[in-house]
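Chemist: Take a look and give me a structure for this.
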Amino acid sequence: MQAAEELFTSRRFHEITLDEVAQAAHVGKGTIYRYFKDKDDLFFQTASAGLDALCGLIHDGVPSSASFEDKLLAVCDRISSFIASVASCFE
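Modeler: Here you go, the predicted model:
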């Protein structure tokens, strides 16, 4: 999924083939089909994993006893940090 994520963020979806994903991931194309139905499924699972990670960071980093304002600031801080960490992977 990491290889797919790098490709999906560097080029348009329709320009990427599963052969390229397999090559970037150093696996056979059949291995991809073992875990994903098709390129659409791979893309969806990759995007979902990123959103799940972001949701986990928000959930774990925002104290439930805080005021609304403090919760909102903590959520914004977590989202900012997450985006910065993801962006730094592609520089």
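Chemist: CA only for contacts and neighbour counts going forward, please
Modeler: Noted.
Chemist: List the buried residues in the longest helix that the chain contains.
Modeler: Taking DSSP state H as the criterion, the chain has its longest helix at helix 39-61. Buried residues in helix 39-61, counted by 16 or more other Cα atoms under 10 Å: 39, 42, 43, 46, 54, 57, 58.
Chemist: try stretch 59-76
Modeler: By neighbour count on 16+ other Cα under 10 Å, the buried set for stretch 59-76 is 62, 71, 74, 75.
Chemist: mind putting these in CSV, distance to residue 2 included?
Modeler: CSV is the format used below for the buried residues of stretch 59-76 (distance: Cα to Cα, whole Å):
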residue, distance to residue 2
62, 27
71, 31
74, 27
75, 25
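Chemist: Let's see the pLDDT reported for residue 91.
Modeler: Predicted confidence (pLDDT) at residue 91: the value is 57.
Chemist: ok so, going back, tell me the one among the buried residues of stretch 59-76 nearest to residue 12.
Modeler: residue 75 (29.8 Å; Cα to Cα).
Chemist: check contacts around that closest one.
Modeler: 58, 61, 62 (Cα atoms under 8 Å, 6 or more residues apart in numbering).
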